[in-house]
Every structure is written in structure tokens, then in C-alpha cells.
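In: Would you be able to build a 3D model of this:
(2 chains)
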Number of protein chains: 2
Amino acid sequence: MPEFLVLVPPDEARRLLLSHLPQPIADSEQVDVRSSLGRILAEDITAPHPLPDFQRSTVDGYAVRPGDTHGVSDSLPTYLSLIGEVPMGDAPDFEISPGQCALIHTGGMLPNGADAVVMLEYTQLAGADEIEIFRAVADGENVIRIGEDVAQGETVQASGSLIGPAEIGGLMALGITEVKAVRKVQVGLISTGDEVIEPARSPRPGQVRDVNSYTLGALVEKSGGVARLYGIVPDEFEGLKNTAARALSECDVVIITAGSSASTRDMTVDVIRSLGEPGVLVHGINTRPGKPTILGVCSGKAVIGLPGNPASALVNGYLFVVPVIEKLLGVLSKPKPTVPARLTVNLSSQAGREDWWPVRLIAETRTHGEATTRKPSGSQVGTATFLAEPIFGKSNLIFTLASADGLLRIDPDATGLSAGEIVEVLLL
Amino acid sequence: MPEFLVLVPPDEARRLLLSHLPQPIADSEQVDVRSSLGRILAEDITAPHPLPDFQRSTVDGYAVRPGDTHGVSDSLPTYLSLIGEVPMGDAPDFEISPGQCALIHTGGMLPNGADAVVMLEYTQLAGADEIEIFRAVADGENVIRIGEDVAQGETVQASGSLIGPAEIGGLMALGITEVKAVRKVQVGLISTGDEVIEPARSPRPGQVRDVNSYTLGALVEKSGGVARLYGIVPDEFEGLKNTAARALSECDVVIITAGSSASTRDMTVDVIRSLGEPGVLVHGINTRPGKPTILGVCSGKAVIGLPGNPASALVNGYLFVVPVIEKLLGVLSKPKPTVPARLTVNLSSQAGREDWWPVRLIAETRTHGEATTRKPSGSQVGTATFLAEPIFGKSNLIFTLASADGLLRIDPDATGLSAGEIVEVLLL
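Out: Model prediction:
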């Protein structure tokens, strides 16, 4: 009886669900760093050696003993004897005695005796083996000392970090070519509805193709999970219960997309109740779309019932399934990608309800007078600004989302947003 | 002679580079929609049939002839004869005559004769086969007509669209299980520097491990390209030229990360000049990091020289390599993911130069007095707000970026940003 649902605010619903889930899944696996993009570290990475592990020059110039440049200036230069050039990629086979210097390139290793580098532009060749120096340098100037970037034993990457391009580089810099990554979260997907058929089939009148297994499957993969499809189950309690129980035993999370009618949603509630304790935590969320979403936990695993409407199911996937996957992966708090945009129309909203509007982002063409109405701030990324144009579609079909670039949230406290307002759009 | 570089503003440099590249690469390949996540459509998708392709109910209720409810209200109900229930997933085998109705579920197919649905809550069972109706419905009320979501032949997804979860769903809804996707952009990566060695090796004094091949490789993969590694080439013109020529013949884009010294950067310039017309377009960009970046086009293909410093190379990869990949893929204008955050410190910047600061994002804990200082706007995504804390590191090592969540841009016109300012952080 969806009329009598007690609607829970979405943030509270999500907190409740996450609080019932155990700590991140413990299993990890060894992965090659070169193919670890997007994985989550399952161990703290400590530096096996300092970086740099030799004293390096940060400029092109001459390696010197700083004392030899004491008091030196444009008007009072000094002359040092050039004894060689530091080879790149090798330790110099000479050392710098008082009165001597050596040519060194950025990244080169300082010879023994030298402890600073004078930049090329403050020097001049004064003879075959003599360099005129116009500037004094302090101890360690233009030099990175051993361990100045990373000390030996320092934790350079924490367990729970998302491995991106920079993390891969950091690991490579330390010679770490394999790491422990959190096992991917297994998410079982079940579609229900007597009217739902496989996409490759041609629907008879009254039938529709399964969309949810594939949209949610893609969302799961995008979020660091593995989607396991359990197919389409007819609207029948025992059949759904058996499939859900099998999925629960084989996966970390189970998602059931209910058929569109109220009766199949009620059946999903009964199935979740039958699968284990505590069962259904939330039935009905004060959000649009997504009111009929069901959040449950059975024997420590999340079981989520999403609306049958594909657009609603996908939006609620972003709101409730992705956070579950991230919690199970142990992902450290992660900001959601957004983009600021100017709303093109007024949007009204029911107070107390959180609304999510699919919007199209249109690069704003700045013409004459308009250009100055909203000056991009100094911190704007790139020069483009965007218009956020809500997409209105009668039946909230999946194409509404397919043509959307992002979702615009209207706070439960708000009764709407005004045209011209700068809003943050969550990128899809 | 990097001292005499004419520094080009970064936006202008990028425009110049992109303007010399041809239209998107023409090659496409057939892909299974289920494994097309992240690919770019190489064809317009038109609907082979309308959606829905039968008249559907959007609510649970009774299918009626609207005329039978004319003038009906709470105080003046009407009674209709219940002749059956519409089965889900099938065409009803009855039709609605005047004075009749049928039970129908959300998503069910309207029987012939019926042209509207009265919601369950405005009805009541009045006898075994009799339904009391309390509300009038207009023609088509609570019904989606054939083709109302998508008309047959309508273009539902444009060539150049990024295929995400919603796009996969839209294709599945139409029974389209294979599409043409743009072939992935092949990016050849060459590292130079006599001091650079493979990451699996142990460096001798003076040597450092290759980081750039792997950070840039991961960035390329993340952006829809395929990274092809050409290894580490010693600082020697002929060797670098031969490797670059081979990469240019086998790839769509070539990236050379120069060693850290000025001489190897100059060699990269000479190599790009030797590979084809017009050669070097930009040598020196007014940005930090990235001043020594070289942008070239040889025989229609981008050849980019990036600084040897891994952090600089990666930031400039985001700024110059990703846009090249996106242009070659034909990606429609795509907003960059950002997140609003509050800057923790003052940052100064040289006027005329665009600065990119790696920042850590820290979820802001809202305590008593503070909480009200900046009220989140109604359009804030989620309730979390973030502090942006710049990461200062002496040698701009790759770990600076590895511990960063995003990059903060300081506009060339600005001389800095102030602590407390709300800034947009580009997510990495």
C-alpha cells in the first residue's frame, strides 16, 4: 500500500543503510600497477627508499662549494676552475675541491664536495677551463637533498586511495610494480516484471525490453563493481525469492528492480524481509524520482529494491547503490564531480522533498552585452560556462537521462530554483 | 635557449594546436552495447520503432472511456461494470464498451475502447463486478500514447555522444544491441633522458625511474585512448627521431617527455621540426607548471613535448593531451568535472601566467558558529562541502599530485586568490 508509506529523507535513508553495512570488504588481490587504474588500494604504501636517493640539481648550472661564492656579486665576481661535466644518469667520478666547479644539468647528481648550484645565467665562460660566477649561493641552493621529497618508510599512499594516473606514477617512482587492491564489489542484478523481456527480443504488444539490468550494470562497473546479471524473474514470490537468495549468496550487494506496478513492489518488500535480518530498513524515500525505493540489509549485505522505471532506477542507483559500493570498497571520502551552470528556467519543488532534475549543459556563447552580466571568477576552470536546461519528459523515460549531462538537485528545504541562478550540476 | 621563449597563453596555445588537427578520426568499429561503456558513438541512432509502441497506463487504476466519467465527482460518483484485469506483458483480450472498465497496473496496455485511467485512490469496489468512480478523467489522462516518448525515426542519440549507463539503457530499450563506436585514439609515448630507467630496475646513483610513460599512459586510457609505449630513448637526436617517426606512423598522437635538462628539451624541438609540416607551433606556454611544453603538428598528427618533471608532465597532459584525444574522438563539448570548495590559504600568482595548484579536498566539518557562515545553496550536491588545501612540495614531485584530489586554476588576469574564497576545483 504505497499510499501509506512513511517517506524518509534521502540523506537519512542513505546513512541508515550505510550504518548497517560492515566495514569494507576484507578481500584483496595482487594487481599489476600498470593495469590498476580505477582500483582501490588495500594497503598503505610506504617508501622502500628515500626520494630522491641522491642529491640532485634543480637547475642547469655549475655545482660549487657555497663557501667559494661568499660575497660574490655582479660587481665582484669570482673565478672557479671547471673540472668536468656531471653525466646524466651516472655518479660523477670526480669531486669538487675549493676553487673548483663542474657543469651540471637539471636532475644531475651533485659531485662530492659540492653543495649548491649556481644557475647558468649567473655565470660566464672566462677561459678554456675557467668560469666567472656573478652570484653567491647558500648551502643547498638549487639542490634537492636525499629524502627531501619522500623519506624512507614514509606512508606515501593510504589504503582506500583510488588509483589514478598520479598514484600509478608515484608507485612507479618507487619501483613498486604490484600492489594489493580491494577485490571488486560483486553486485547481483535482478529485473522483475511479467511485461519485461530481453533486449534482443522483439516485444509483443504489452511487453517492454529490460533496460535496468544494463543501465545499472554499467553504473556498477563505472563505480568499481562487477555486475552479475540474474536475468528477468516473473512476478511470482517463490521464484523471485529463490533467485534473490542465490544472488545474495554469490554477491556482496543485490539489486532488484521492481516491475512498474505496486503489487510487484510489495512483493520485493516481502522477498527482502524473507532473506535475512534486519530486512527492510526503509520503504519509501522523500525524493523524486525514487519514492518507491526500498533499502534493506539481509545478513550484512545490502539488498536494494529500485523502481521499475529505468530513469528512476538509474537516478536512485547514483544516490544509493554507488555509495554502497564505495563503502564496501573502503573508498576514502570522495567529492562528487559537479559543474557550475546557469539555470535557464524556474523550477518548482514540493517543500520537504528532494528533487533531482536531469539537465542538459549547453556551453554559453558570450555575446556583447551578455558577456559582462556574469563575469567568470578567477578560479573558473577553463573559460567555458554552461547553461543548465532541465529536460522535461512526460514519462521520465530513459532517454530523458540519456540526453542529460547531469542531475540538478533541489534541496528538501527549497520550494524551487529561479531562472538565472548559478547551480551545481552533478555530472553523470 | 629557454630564456628567450615567447610564452603563449595556454588557451591560445590549445586553440592553435586543435585548429591544426583534422576532423575526428573517421574509423569506427562495431561494438556490443553491453561493453560500450565510455566509448563514443560514431553514428546517429534513430528509433526503429516508437516508444512506447502500445498505449500504456502510468498509474495503477481502472481503464475507462473518458466520456463515462464526464461530470463525475466525490458527491456525484458513477458506477462502471468491471469486465476484467489487464495482464502485464500481454495485450488484453477484451475491449471496453460504454459503462465498462478494467483493472490496469502501471505499465499495462490499454484495452481497445479505453482512453484514460482513473487512479485507484479515486475508486471503490461497489459490488462483485462494480466499481464506484469519484473523479472525471480527460481523454488520455494517466496514459502515455504510442510514440509519445520517442517517435519512429527520431534521432535519439547523436554521433559524438559519450556512451554512459543511460545511453546503454536507451539503446537497449530500442533493441539496439550493437553500435558503431569511434576507434580508440592511439597515443604513442616516448620517454627521454639518459638518467631514466625502467621502473622495475633498481636505480644506480644518478638514475631515476620512468614515471611519465605510466602516468600519461593511464591518463590516455582514462580519456578514451590506447597508450602505446615506445620506451626510454637516450638523449641522442637520431635515436629519438627514429623512434618518434615510427610512433608517428603507427599512432594518432605522439608524446615525448623530455629529460629534465634544457638540452634534451631543445632536442625534442629539433625532432618535432624534422618530422613534418608545420612542425613546432608553440614552444613555451605561460602556465605553471608547464612552461617548457612544446606543441607541434606533423603531417596532420599532434606531437607534444612535455616537461620531464612527472607532475608537470601530468598536469600538462590534462591541459593539452586530453583535449587532443577528445577532438580526435569527436566528443561533443564536455564540461570538466569540478567541485566547489573553500580555499584554506592565500595563493599569490604572477599576473599574465595561468597557475595550476594541486589541492587536497577535505570534507568540511560544520561546527556550531561556523556552520552558518556559509549556508549551502539550495542546489548544493549532497550536504558535504569541501576545503581546498593547496599542496606545497619543493620539487613538485609526482607524489604532490598523487595526494591531490584536484587542480585549482588561477586565471592569468588574477594576481592570486584569497583564503576563504569559494573556488572551483577540477577533479583529477
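
In: Next, count neighbours for residue A:59.
Out: By other Cβ atoms under 10 Å in any protein chain shown, 21 other residues sit near residue A:59. For every residue, glycine as well, the C-beta is placed using N, CA and C.

In: Repeat that for residue A:412.
Out: So residue A:412, with other Cβ under 10 Å, has 18 neighbours.

In: cool, residue A:158 as well?
Out: Neighbours of residue A:158 under the rule other Cβ under 10 Å: 12.

In: Tell me where the stretch 301-428 of chain A has helices.
Out: With DSSP state H, counting those that start in this stretch as the criterion, the stretch 301-428 of chain A has helices at A:310-316, A:322-329, A:368-371, A:398-402.

In: which residues sit against the second one?
Out: Just to be clear, that refers to helix A:322-329. Where contact means Cβ atoms under 8 Å, 6 or more residues apart in numbering or on different chains, the residues beyond helix A:322-329 that reach it are A:14, A:17-18, A:21, A:24-25, A:40, A:160, A:182, A:185, A:187, A:219-220, A:223-225, A:252-253, A:302, A:304, A:334.

In: hang on, the earlier thing: may I see the helices of the stretch 301-428 of chain A arranged in JSON lines, with mean neighbour count and mean pLDDT as well?
Out: What follows is those, written out as JSON lines (neighbours: other Cβ atoms under 10 Å in any protein chain shown; pLDDT from 0 to 100):
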{"stretch": "helix A:310-316", "mean neighbour count": "28", "mean pLDDT": "93"}
{"stretch": "helix A:322-329", "mean neighbour count": "22", "mean pLDDT": "94"}
{"stretch": "helix A:368-371", "mean neighbour count": "9", "mean pLDDT": "37"}
{"stretch": "helix A:398-402", "mean neighbour count": "27", "mean pLDDT": "84"}
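
In: TSV for the ones you listed, including distance to residue A:290?
Out: Shown next, in TSV, are those (distance: least, Cβ to Cβ, whole Å):
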stretch	distance to residue A:290
helix A:310-316	4
helix A:322-329	14
helix A:368-371	37
helix A:398-402	13
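
In: need the contact list for the residue of the stretch 201-350 of chain A found nearest chain B.
Out: Chain B sits closest to residue A:337 of the stretch 201-350 of chain A, with a gap of 3.0 Å, by Cβ to the nearest Cβ. Residue A:337 makes contacts with A:426-427, B:337-339, B:427, as judged by Cβ under 8 Å, 6+ apart.

In: does residue A:391 really touch residue A:356, like I thought?
Out: No. Look at residue A:391 against residue A:356 with Cβ atoms under 8 Å: they stay out of range, at 11.7 Å.

In: Please say which of those two ends up with more neighbours.
Out: Under the criterion of other Cβ under 10 Å, the comparison of residue A:391 against residue A:356 puts residue A:356 first, with 23 against 17.

In: Tell me the bridge partners for that one.
Out: Residue A:356 forms beta bridges with residue A:409, as assigned by DSSP bridges.

In: My read is that it contacts residue A:412, right?
Out: No. Assessed by Cβ under 8 Å, residue A:356 is found out of contact with residue A:412, at 11.6 Å.

In: show me where pLDDT drops low in chain A?
Out: Counting by pLDDT under 70, chain A shows low-confidence ranges at A:1-5, A:260-261, A:333, A:365-384, A:394-396.

In: Report the buried residues of stretch A:278-291.
Out: Neighbour-count burial for stretch A:278-291, counted by 16 or more other Cβ atoms under 10 Å in any protein chain shown, picks out A:279-291.

In: Can you pick out the most distant pair from the residues you listed?
Out: Spatial extent of those (Cβ to Cβ) is set by the pair A:279 and A:288 at 25.4 Å.

In: For the buried residues of stretch A:278-291, give me CSV that also has distance to chain B and secondary structure.
Out: Formatted as CSV, those follow (distance: Cβ to the nearest Cβ, whole Å; DSSP: H, G, I helix; E, B strand; the rest coil):
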residue, distance to chain B, secondary structure
A:279, 25, strand
A:280, 21, strand
A:281, 20, strand
A:282, 18, strand
A:283, 17, strand
A:284, 16, coil
A:285, 15, strand
A:286, 15, coil
A:287, 13, strand
A:288, 14, strand
A:289, 13, coil
A:290, 15, coil
A:291, 13, coil
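
In: Take these and write them to TSV, including distance to residue A:214.
Out: Formatted as TSV, those follow (distance: Cβ to Cβ, whole Å):
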residue	distance to residue A:214
A:279	28
A:280	26
A:281	27
A:282	26
A:283	26
A:284	26
A:285	24
A:286	28
A:287	23
A:288	24
A:289	18
A:290	19
A:291	23
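
In: quick check, nearest of the residues you listed to residue B:78?
Out: residue A:291 (30.0 Å).

In: if I look at the closest one, how far off is residue B:286?
Out: Distance of residue A:291 to residue B:286, given as Cβ to Cβ, to the nearest Å: 53 Å.

In: Neighbours of the spatially closest residue to residue A:424 that is not a sequence neighbour, how many?
Out: Spatial nearest neighbour of residue A:424, excluding adjacent residues (Cβ to Cβ, 6 or more residues apart in numbering or on different chains): residue A:338 at 4.4 Å. Residue crowding around residue A:338 was assessed by other Cβ under 10 Å; the count is 26.

In: Quick check, residue A:338 in contact with residue A:425.
Out: Yes. Using Cβ under 8 Å, residue A:338 is in contact with residue A:425, at 6.0 Å.

In: before we move on, back to that, contact partners for the residue nearest to residue A:424?
Out: Contacts of residue A:338 by Cβ under 8 Å, 6+ apart are A:406, A:424-427, B:337-340, B:381.

In: hey, what's it bridged with?
Out: Taking DSSP bridges as the rule, residue A:338 bridges to residue A:426, residue B:338.

In: Then residue A:278?
Out: residue A:298.

In: From what I see, it and residue A:20 are in contact.
Out: Yes. Residue A:278 lies in contact with residue A:20 (Cβ under 8 Å); the separation is 6.9 Å.

In: Mind listing the shared neighbours of those two?
Out: residue A:297.

In: in the stretch 151-300 of chain A, which spans are helices?
Out: Counting by DSSP H, counting those that start in this stretch, the helices of the stretch 151-300 of chain A are A:165-173, A:212-222, A:237-250, A:262-275.

In: what's across from residue A:306 in the sheet?
Out: Beta-bridge pairing for residue A:306 (DSSP bridges): residue A:257.

In: burial count for it?
Out: Per other Cβ under 10 Å, the neighbour tally for residue A:306 reads 28.

In: Surely it touches residue A:257?
Out: Yes. Counting by Cβ under 8 Å, residue A:306 touches residue A:257, with 4.9 Å between them.

In: okay, and the common contacts of those two?
Out: A:212, A:216, A:313.

In: quick one: the second one and residue A:189 touch, right?
Out: Yes. Taking contact to mean Cβ under 8 Å, the distance of 5.6 Å between residue A:216 and residue A:189 places them in contact.
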